[in-house]
Each structure stands twice: as structure tokens, then as C-alpha cells.
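>>> dropping the sequence and predicted coords here.
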4 protein chains.
Amino acid sequence: MYSFKNDYSEGAHPRILNALLETNMEQVEGYGLDRYSLQAIEILKQRIKRNDIDIHFLSGGTQTNLTALSAFLRPHEAIVAANTGHILVHETGAIEATGHKIISVEVNDGKLRSEQVKTAVDIHGDEHMVKPRLVYISNPTEIGTIYTKGELEQLSRFCRENKLFLFMDGARLGSALCSEENDLTLADIGQLVDAFYIGGTKNGALLGEALVICNDRLKDDFRYHLKQRGAMLAKGKVLGIQFLELFRDDLFFDMARHANEMANLLRQEISGAGCQLLTDSPSNQLFPILPNYLIAKLQENYSFIVWEKIDEERSAIRLVTSWATRKEAVLAFIDDLKNSIAK
Amino acid sequence: MYSFKNDYSEGAHPRILNALLETNMEQVEGYGLDRYSLQAIEILKQRIKRNDIDIHFLSGGTQTNLTALSAFLRPHEAIVAANTGHILVHETGAIEATGHKIISVEVNDGKLRSEQVKTAVDIHGDEHMVKPRLVYISNPTEIGTIYTKGELEQLSRFCRENKLFLFMDGARLGSALCSEENDLTLADIGQLVDAFYIGGTKNGALLGEALVICNDRLKDDFRYHLKQRGAMLAKGKVLGIQFLELFRDDLFFDMARHANEMANLLRQEISGAGCQLLTDSPSNQLFPILPNYLIAKLQENYSFIVWEKIDEERSAIRLVTSWATRKEAVLAFIDDLKNSIAK
Amino acid sequence: MYSFKNDYSEGAHPRILNALLETNMEQVEGYGLDRYSLQAIEILKQRIKRNDIDIHFLSGGTQTNLTALSAFLRPHEAIVAANTGHILVHETGAIEATGHKIISVEVNDGKLRSEQVKTAVDIHGDEHMVKPRLVYISNPTEIGTIYTKGELEQLSRFCRENKLFLFMDGARLGSALCSEENDLTLADIGQLVDAFYIGGTKNGALLGEALVICNDRLKDDFRYHLKQRGAMLAKGKVLGIQFLELFRDDLFFDMARHANEMANLLRQEISGAGCQLLTDSPSNQLFPILPNYLIAKLQENYSFIVWEKIDEERSAIRLVTSWATRKEAVLAFIDDLKNSIAK
Amino acid sequence: MYSFKNDYSEGAHPRILNALLETNMEQVEGYGLDRYSLQAIEILKQRIKRNDIDIHFLSGGTQTNLTALSAFLRPHEAIVAANTGHILVHETGAIEATGHKIISVEVNDGKLRSEQVKTAVDIHGDEHMVKPRLVYISNPTEIGTIYTKGELEQLSRFCRENKLFLFMDGARLGSALCSEENDLTLADIGQLVDAFYIGGTKNGALLGEALVICNDRLKDDFRYHLKQRGAMLAKGKVLGIQFLELFRDDLFFDMARHANEMANLLRQEISGAGCQLLTDSPSNQLFPILPNYLIAKLQENYSFIVWEKIDEERSAIRLVTSWATRKEAVLAFIDDLKNSIAK
């Protein structure tokens, strides 16, 4: 049984574990003030090409979202997100638990556009409604699509003109940045958004996300929020060492590139076999629409999520690749799929 | 510079890292449902000698406290804690941030007793005040003291008679259980409290705490709370594998025992050198009272926390030992201390 | 300028003020424990035909909703509401501010049906999503429609079968109960929902809502929640005296009936004049669709809310009547409307 | 049975009810935007001698405290209060329910002084602890003492130097301002604090508190917070009309003066009869220490609160006077007390 279920079904890249091993017996400062974390922050600043940003390491995506957004907003301020947004759907109300409403905007492709945000903002006119204050986007989105530089620029401009913070959830940012269709850089993102995070968990780390705060107004006292939300690890070096290893050369990007290549291979062959895809997702998630009999057949040897029912005879499934996805497994999957269709 | 500053200045026990390495390339379920986590839970149940308990792995102490206590209480219910309680002092209001008041009870030795809890409960008589509902204790306490079985039994009895939940913060539980003065077992604790946690971070893990829920009434839907508070790691196996390694034999206890031995050595020699101790702490923290000139001298080669001013000439310092504390470092510290006094 | 803008633009019924005057110089217990509040509770129990219910008086609708729903739910539990629901749209995120997500269900007529609730519940399958636990409905709805007994029975049955609490926002309940199309009684509601409230503010009181808790599981310690949310008035008798006056005879219903009659008159004549209505609302709100020129003309002498744009030439307006709406004003409005159309 | 139990056991001053009656049949704007509320705000600005302040009317003290303090603070920021502070003791954790910790400072006379605040601030040094940001005082305090102008100036200076907001709970402010020992004016307070409120409920209104926000940084979007916390009455005029009546001439002060005179009379005569007072309280609360037999005797004809046990034979009781306290009742109480002692 091979799993295409998720990119967190795998372990960490061996270099990550090695880095933890090599530094293991040193005594260091706690709570993220160790030399490795500080060094990782410096290297990330170089990658993002800004020195005037704050960077904090957290353990997971939900934790990062809830800690950041609750720190950034006053009680009556709300978040605007696409209806597919992770914070809206799959975080068990973590944001609402900190007191903030999320305004859902219906979109087709997982991406928010300024016109849609404008509509949401316009209907919130007075103090009987929450005040939209932050726009949450994911890149790649939850359905695998990615933002172009032009799209992000437009959204960024709109947000700045309308006193809205722009926040990018980058749980799978590596995959977006290494997509063939991508024209964004870390440096671009650092200029266009007010805060974002770079996901480690889903790209070869044991755990860890790097939150980048670009807007000065959002920086004050952030470590208090880390602590208050339970996000400040005593052995903070566990996160810093990993991000240092991920970014001291191109490991982070190499792993994302591999994941994308495996996804591309799947995509081409599945399309080639005559199957449609639910979304146009140039990243490490794809959503082929398959006949139910074929899904049942594939489930004998592969695990994956059945995403949604299309009609009586077909469903979309989700396949996710990762830094660790083996090419042989991909090829075997393709073979099995083609053979099963053939019959 | 050798550090006695904390037990989280160190890395993980090499066996922990090995266990992570050996299991690294397997694909497993996410979110703590992997085979290692499940196995770790089984082993812990055997240690605690109860099958009817729920166990969850979280990343750190503050996270465990805030997730558990907010899950256990209704909005108007409050927590009773010693004035030294970690949740009261050193968690940046994490509990209050979930909406609950902590009632502080003045104690001398870090330990709560039923008479003191009774007083606190008695003055909360009606709906104009919060309703005390949960008693929070730490074992060992924040100043290194530990609960005897008799003390815990008495407190437990009082709590049950008064419809109060009893929760034990076990961030350093290993050290308490391995103390020479201890007469409590994991199984005792599992009978006497409603929930407690076993700290991994401060006893040789990279990170991780095992929350044990003994009372049926507190179990329902706990995984929702894990997720909502950002405490459910995607690669949950990172925690499970560590606890499996800690408890599949006596590694957890061996490490705590070593830490205690190093603390005992420090304690005996420092006392022998004529210095008083601030508290009677038979665990891995000790609080010697030293002349300020001696503290300054020791700070040249050792890092530790100056805990509190005693008088114009003396202060108490805090020394913490761990699984990784080297005996040579302890002996060197003692030598330096004696030599400096001698002069 | 005559206002059809709202039912809270008016004062209280003179009998309400008289009741406050007559009892003014007596010394009574504070915090809602005075004899008038207790008597009002007894009378309401008779009206609802249940003795085993708890009743509390609060100041306003948002306060009642947030106090009740946050008392009833655990942190991970969510509310299901129609997309028009007051708590979703017009309470500035008051519910989310207490930590709970509201799941929005798209409906046409403001009313939730069990199939729709089922769909919402079904997609919330695990701990990565909130747990639907309470269904919020308004009667009448925010667009003036009302629930039939059959509809409420069906919804109630579904909720009980699915462990969902059913809560009815009755800010304008008087108008629903006195509608010509209504077949529900207070006693029916008391049997079918877990909690509801009877709105005083919008039906002739100075301020005040009576929250009725029918389900035993929701009753415990409710006064603590009243106090904690700032909803317990020191001079609680101000609310109790008003509800006593409203329900010691039929004042509450007489006032609602008058409001409905005025609305019916408007409805018939506006329909008769050939104008459509946006919703079929047999209560004290109506939403005629008028040409924009006509709206502008009417605005010279009447104030009301322009509810939504229909097309380039027409908009829906909202007209609200109350216990205090004068028939002459209604007739004058109708005349003006007809005359303006005629031209 | 005559009650000295509280100043909210009474109704409203007849002029208040008259004002409600006279304006009852007018149609006005809702939500506090009616002409009476606006006029009351203008008059209060004149009294406070500042035009650049914002004023909002709320229903009660707890509501005002929780709405204001949660609007003013970020999640990690805490409040410093005297251990007797109403928000600490008697509001069912209302502030903590909005997420904020209150740091308790032990005081003797209910009053906070800058040295004590400094000590509390000094021990909160880093992000592992909450960040003190707002100092909460009550005037008069919960035990009847009042602040002198000098004391308030000193506290104000300290707060401004240390970036702390200063907030005054004025639930009984009228009594403080009309005390013979008082040297503060409303205008002084408006200069020295960042926000405060003027209590109506305990000084002759049916209900209502006027929150005054002096510091520009605390003003933004406050009406959103009013709405979110359930504090914005639909018929907001109910509060505005009362404050207009209280302050359009000296009614507010006349009522407070009467309450104080009655308290003074009680104080002098009780002292004259040889009984001690627990606190030096020159306002409308007093705390005589009486033999238990005498308390029992007095309880036959008067209701009051037994405040605290002094020793085996004596307890302190609390007597509260109000605008409505009848002199004959005071004299009768004194007679009864003297007669009972005599025997």
C-alpha cells in the first residue's frame, strides 16, 4: 500500500535529521533564542531580500494562523477568505476561538481577487457588522492553484488602498514557488504581503513553519503571543536547526521541485489516459476525476482521499506528492491506472 | 561556560533521535493516528495500570495546560492554583486568554493543600464570583518540592467531595517520580487525579508532553480541542515515536534519575559548604542562597538564573540539572564554589 | 417625517411606564431576584404551560444570543444558522467573540429546514472541523417569514435525533405569534425548542428580552453567565416589572396584533397598487419593491430602509410597524404612494 | 424591614421617570444616535470641560468594564488592580472571559498607589509573563475610600511615564465627588485618566453608565465593541434621556450629596456610640464593626450585608445609603442601635 494521501505522511529529509543529530549535544538558549534559530532568521532575511522583517518559527499551520491573526486584529475586526480557505474549513474554528469572524467569499479556483474582496468589504458598512481588516489567502490554495505575480500585486494594491492587511498561508509555499507556472519569488512576496509563512512540515521538515512579518505595525510584542498561544517551544532550536538546514542551500526548493515533478508526471499521464482534472493545479496536489470502479481498484494498492462526488459514476480524488514520493511508485500507480482503464 | 540554566538547554537523548531516524522513511498516518503513537499510548496505559484512560501527545507545557483546561471548563468556571503555579506566572496569561480566571492561593512551599483550596472555594459563594471547578497542581512544583502520596490522596479526596477536578502539571514529573523522597507511582497518580501530563521536553525528548485524561467526563471530543488550539501536529508521529522510546523500557526514568543524582550532588556539596537552600527541593531544581560576590564569580564560568534577592548581600540562584548534565561539570562547579568561598 | 424604519424607534407602551412609576419607590432585591421578576417568571411559565423551565430577563437581543449560546456550547461546538440569521450578519461577530463559529446555510426565505441542516452537519465529519451542536432560527425571520408548527416540529425532531440543540431568536416573536398565518403557541415552542427568547424591546417595552431555557442540560449556573457577560442588571426589577405588565393580561399580544394589522394594511394596499413584495412576510416587516423615483418621493415624508437593489429601476424597501404605529400615518403613506404612482 | 443593603435596591428619581414619560411617544433614532443621547453627551462634555472626548452610554458597571477594557487592550496585555477591585472579585471573571489577566495588588485601603503599580510592573519583565498595560482604579473604592487630587495626579503621571492606560471605575463616582473630603472635579478626572465612567445605576437612574474616553488612542471604532458585547441598546434613548436629566442641572450631584449626608449621619452617630469603623470611607458606604448580638438585633428591622468577621464577638457590616434613603429610617436605625447597645 503506497500513500498519496498527504505530504505529511512522510518523515523528514535525512539532512534535517542529521542536522538535529550533529547539534544535539550542545547547550543552547531556550525559547527560540538559540544561535541556530538566529542564524536561520538571518538566512531567510537574505532569501526574502529584506532586513526589516521579523521572523518567528512555529510548529504547525493552524498554530501559525491562529497566533498571527489573533495578534494582528482587534476584537471587532474580521478576516476575508475564500470559501475554500483552510482557516474557514479545516481548523476546527481555531480563528473563531480567538474571537474573530471569517467572512467567506465564494470563489471557483480557490483564489481571492480584489473585486471579490471589495464586494465583501462593501457590504460591511457599519458597527452592526464586523469590520473586515485582513485578507487571508493561501498559496498554493487548498485546491492546488497558485497566484501569479500580477494577481498578487493587484490584491496587494487593493488591500493597501483599503487599509486591509494581506496575509499569505504558505503551508505548501515551496510547491507554489517551484511550480512551472510560478513567477513569484520569496522577495516579491515579502514586498507584497503584510505577513506570510513558509511551511516546513509539508516540505521535508519534521515540523515547523516560518512566520514572516513584513509590516512594522504587526511586529510589536509578537513573542508574547507566541507564548500565550502555546507556540513557543522550550527547545526552540528544534525548529531553527531545521530551517537553517532547509535554507542554507537549496534543500527547501529541491524538495519542492521533486514533489512537483512527481505531481506533473501523474498529471500528464492521467490526462493522457483521458481523465479530466477537477482543478488546474500546477503544484503538488492534483484532483483527477475517475470512474468509481477505477477508484475502488486503485484503492487496493494506494491510499488517497476521495475528494468529492462528481456524478453517479465518477468522483474526484486527491493525490498529493512530496519530497519523498518515489518515482517507481508514481510509475506503478500510472500503470495500474492505465491497465484498469484498459480493461 | 557551562549551563545550569534549564533542563531544556539540552538536546534529546541519542536514543530518541535514533528512533526518529529509524522510522523516518516509513509512510504513516498523520495527526497522531500513526502506529507509533498508538503503541506509545498502549505502553503508557500499562505503566499507569489503567486501560480506561485517554492519552494525547502535545508539543509543550503551556500548550498542554491551555488546551486541557479550556476543554475541561465552562466559561464561568475557574481554576485554583498555588501562587507559584506556572499557569499563573509564566504562561503569559495563556489560560485567561481562553477565558478562565485563575484563583491564586498563597503557599509557602509551592504545594496546595486541601485546607487552602477549601478557603478559596468557600469565599466564592455565588454567581457574582467565578465558580472554582479545577485544582491545578504541579509535581514537582515550580520551586522543586514534591507531593507525597498522602498529600495527593488528601487533595484528591477533597476535590472529589467538592466536585472539583484535580489536574497535575507534570512538566518535570520524571524528576518527581525518581526523587528519593517520592512515594508516588504513575499508577497512583492515574487513580488520584482527573488528568495530568508527563513531560518529555524537560526530560530528554526533543519536544512533547503526554496528556493523560483519567476522568470519563473530560474525554469527549478532546481531539477537536487539540486541533482548535493548534496542538495537533500533522506529523504527529514525531511525538509518538519519542514517547514510545521513552517508555518502552526505563529510559524516561533513567534520565530523570541521572538529573536527580546530579542535583543531589550539588545540593549535598553546597550545603556541606555551609550555604542554605531556599526551598527543600528533592528534585532536579535547587535554589542555593549565595553571597553576591560568589554568584558573580560563578557566573564567569557557569550560566544559571538569579532567582531572588534575599538581603543586601545574598541572593538565591536556581540550578537545574538534566539527563545530559555531566558529572565533571557538576564537580567543577562545586570546586569553584568551594574555592571561591574559601578565599 | 414619519418613521417606518424600525420597531425600536418608539417608546414603551404607557402601561409599561406606569408600572415602573407605581413600583418605583419600593425597596427590592437587586439582580433580578425582586418580587416582580419572580412574579413575571411565574406568569410566563403559565403562558408556556411548563413549570420545569428556567426564565431569565436580559436587556437586548444580541446580549441574549451571545450569553445563551456561549453558555450552552463547548469551545469546539458550532452553530448552524440561515445565511440571513441575525447572529451571522448584524451582531458584529458577537458570537464569534465568545469563541464559536457559525455555519451559514444558504436559504431562500429566511427559514432553516432539516434537510439543509442535515447537509451542513454531514459535511462536518471529524475533528478537523467544528462540531455542529446548536441550530439557531429566528421567528419571525429577519425577512419577516414565520415558521409553521409543522416546520418547527420537523426541525425539532431532526435536532433531537441528531443531538443538536434548537434555539429560537424571538426578538419579534410577538409578531410571529399574532400573525394570521401562525399556528404556533408559546406552549408549542416551549415543547419544541431547547431555548428561546421572547422579545420585549421590539414589542412595546423600554428594553428587555425573556430567555426561556427548556432543556435541563442547559440550565445549570446560567446566572453566572448573565453576570459574566454583563447582562445582569443591578436594578433587575426594571426588566421584571415590564414583563409582568406585558404578560399579566394580553398587552404583549395586543401590541403585536396592532403592529401586524398595520403591516397587513400596508401590504394589501401596496400589493393592490400593483407593487410586488420581496418576501412573503406575514409579520410586522414587509419588503415592497418600488420604482426608485417612488422611493425618492416617499422619502420626503417617511423614513425607512432601502433594503436592496432589484434592478436599475427598482429597489426593495423595508417597512416596519410597531405597537405605536398610527393608522393615520399608514393611510397617509398609502395615499402618497398611490398618488405618486398615479402620476 | 428597611434596607441599607445597597444603592440599587431603590427605584429611579421621579424626575428620571418623568423625563422618560414626556419623551415616550416621539419617534427617534435607535442605537444611541437619538437627539437626547447626543444632547446628554454635549452636556457631559461641558461638565468635564473637554470637547475632544468620546462618550458612550451603557447599561451597567460590569458591562462597561468588560466592553471598555477588552476594546482597549491587545490579547497579551494585562490589567493592574487593587486586590479589592470590583473586576477582580465581583464580576464573575468577566474580564478574563474576554481574554485578559488581572494582576492583583495587595492594598490596605482599596486605593492603588504608583509605588505598588511599579512593583507589579517591574516583576513582569518578559514575554513569559503578561504585559501590564492598564491600571484599573475605582473611585470611590469598593470599601468606600476616595482618591485625592494629589493621589490621582501622582498615579496619572506614573502611568503616562510608563505607557500604562489609567481607567477609573466610577460606579459610585457621584458619591466620591460629593464627599466632604473630595477635592477632585469631573474636569480633573477628564484630564488625569485615559477613560472613566460615571455611574447612573447607583445614583438615581433606572440603569445606565456614561463611559468617557479621553485618550484618542482608545476611541477608534468603539461603537463596534458596544455592539459586539451586547451593550448597544436598540432603544438607546432610554439611557440618553436619563443622563440628560441627571446632568442638565445638578440632579446627579444633589442625589449623591443626599446619600452622603445620610451616610455621614450614620457614621457620626455610630462612632459616637463607641463603635469602630473598618475603613475610613467618606462616601455612601460605611463599614461599622459591631458586636454580633447587636447585628442580630438590628437584622430584625433592617437588612444589610455582614461584610466580614472581625473576631469571635464582632463583625463588620456594610451600610449603603442612596438618593432615596429616608432620614427617618436613618434616625430609627441609630436609635435602635443605641438602645440595643445600652442594654
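Happy to help now that I have it. Numbers count the residues shown, from 1 in each chain, chains lettered A, B, ... in the order given.

>>> how close does the residue minimising distance to the centre of chain A sit to chain C?
For chain A, A:Ala171 is the residue whose C-alpha lies nearest the centre (CA atoms, centre = their mean; 2.1 Å). For A:Ala171, the distance to chain C (CB to the nearest CB, to the nearest Å) stands at 14 Å. C-beta here means a position set from N, CA and C on the backbone, and glycine is covered the same way.

>>> same check, this time on A:Gln242
A:Gln242 is 24 Å from chain C, by CB to the nearest CB.

>>> run a quick neighbour tally on that residue.
29 (other CB atoms under 10 Å in any protein chain shown).

>>> please apply the same query to A:Asp109.
A:Asp109: 15 neighbours (other CB under 10 Å).

>>> once you drop chain neighbours, what's closest to it?
In space, and not counting its chain neighbours, A:Asp109 is closest to A:Thr145: 5.0 Å by CB to CB, 6 or more residues apart in numbering or on different chains.

>>> what's the answer for A:Leu244, then?
Spatial nearest neighbour of A:Leu244, chain neighbours left out: A:Ala40 (4.0 Å); criterion: CB to CB, 6+ apart.

>>> tell me the buried residues in the helix or strand where that neighbour lies?
Assigned by DSSP states H and E, A:Ala40 belongs to helix A:35-48. Neighbour-count burial for helix A:35-48, with 16 or more other CB atoms under 10 Å in any protein chain shown as criterion, is recorded at A:36-37, A:39-41, A:43-45, A:47-48.

>>> check which helices and strands it sits against.
Contacts defined by 3 or more CB pairs under 8 Å, 6 or more residues apart in numbering or on different chains; DSSP states H and E place helix A:35-48 against strand A:54-58, helix A:186-192, strand A:209-213, helix A:237-247.

>>> tabulate the ones you listed (CSV), appending mean pLDDT.
Output for these, formatted as CSV (pLDDT from 0 to 100):
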stretch, mean pLDDT
strand A:54-58, 98
helix A:186-192, 98
strand A:209-213, 98
helix A:237-247, 98
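
>>> got these as a markdown table, with distance to D:Ala19 columns?
Below are the helices and strands packed on helix A:35-48 laid out as a markdown table (distance: least, CB to CB, whole Å):
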| stretch | distance to D:Ala19 |
| --- | --- |
| strand A:54-58 | 55 |
| helix A:186-192 | 57 |
| strand A:209-213 | 53 |
| helix A:237-247 | 63 |
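
>>> nearest to B:Phe243, of the ones you listed?
helix A:237-247 (15.7 Å; CB to CB).

>>> got the contact list for the very next helix or strand once past the closest one?
Sequence order places helix A:251-272 as the next helix or strand after helix A:237-247, per DSSP H and E. By CB atoms under 8 Å, 6 or more residues apart in numbering or on different chains, the residues outside helix A:251-272 that reach it are A:7, A:13, A:15, A:174-175, A:177-180, A:198, A:200, A:203-204, A:245-246, A:277, A:282-286, A:288, A:319, A:321-323, A:325, A:327, A:330-331, A:333-334, A:337-338.

>>> what residues does the stretch 1-150 of chain A have near chain B?
By CB under 8 Å from any CB of the partner chain, the residues of the stretch 1-150 of chain A that approach chain B are A:2-3, A:5-6, A:8-12, A:14, A:17, A:20-21, A:23-30, A:59-67, A:91-94, A:97.

>>> of the buried residues of helix A:35-48, closest to chain B?
For the buried residues of helix A:35-48, the residue nearest chain B by CB to the nearest CB is A:Tyr36; the value is 11.2 Å.

>>> would you check that the closest one makes contact with A:Ile241?
Yes: with contact defined as CB atoms under 8 Å, A:Tyr36 counts as touching A:Ile241 (4.6 Å).

>>> who touches both of those two?
A:Thr23.

>>> in space, what's closest to A:Arg229 - neighbours in sequence excluded?
Per CB to CB, 6+ apart, closest to A:Arg229 is A:Thr67, 4.4 Å.

>>> let me see the contact set for the one you found.
A:Thr67 touches A:58, A:211, A:225-226, A:229, A:231, B:230, counting by CB under 8 Å, 6+ apart.

>>> circling back to that earlier point, pull up the gap between the residue nearest to A:Asp109 and chain B, please.
A:Thr145 is 21 Å from chain B, by CB to the nearest CB.

>>> ok, that residue to chain C distance?
Counting by CB to the nearest CB, the gap from A:Thr145 to chain C is 21 Å.

>>> and that residue, how many neighbours?
24.

>>> tell me which helix or strand A:Asp52 sits in.
Short version: A:Asp52 belongs to no helix or strand, going by DSSP H and E.

>>> tally of neighbours for it?
That count, for A:Asp52 with other CB under 10 Å as the rule, works out to 9.

>>> test my guess that the residue nearest to the centre of chain A contacts A:His86.
Yes: the criterion here is CB under 8 Å, and A:Ala171 meets it with A:His86 at 7.2 Å.

>>> burial measure for A:Gly125, as a count.
9.

>>> report pLDDT for it.
Among the per-residue scores, A:Gly125 shows a pLDDT of 89.

>>> ok, it to chain D distance?
Relative to chain D, and taking CB to the nearest CB, A:Gly125 is found at 12 Å.

>>> distance of that residue from chain C?
Counting by CB to the nearest CB - A:Gly125 and chain C are separated by 11 Å.

>>> quick one: which of the buried residues of helix A:35-48 is nearest to chain D?
A:Ser37 (14.8 Å).

>>> which residues sit in contact with the closest one?
Counting by CB under 8 Å, 6+ apart, the residues that A:Ser37 touches are A:57, A:236-237, A:239-241, A:243-244.

>>> which of these lies closest to D:Asp216?
A:Phe57 (36.6 Å).

>>> next, count neighbours for the residue lying closest to the closest one once chain neighbours are set aside.
Leaving aside its sequence neighbours, A:Phe57 sits nearest to A:Leu239 (CB to CB, 6+ apart; 3.7 Å). Number of residues near A:Leu239 (other CB under 10 Å) recorded here: 27.

>>> let me see the contact set for A:Leu239.
Residues near A:Leu239 by CB under 8 Å, 6+ apart: A:32, A:37, A:57-59, A:200, A:207-208, A:233.

>>> having no further points to raise, I will conclude here.
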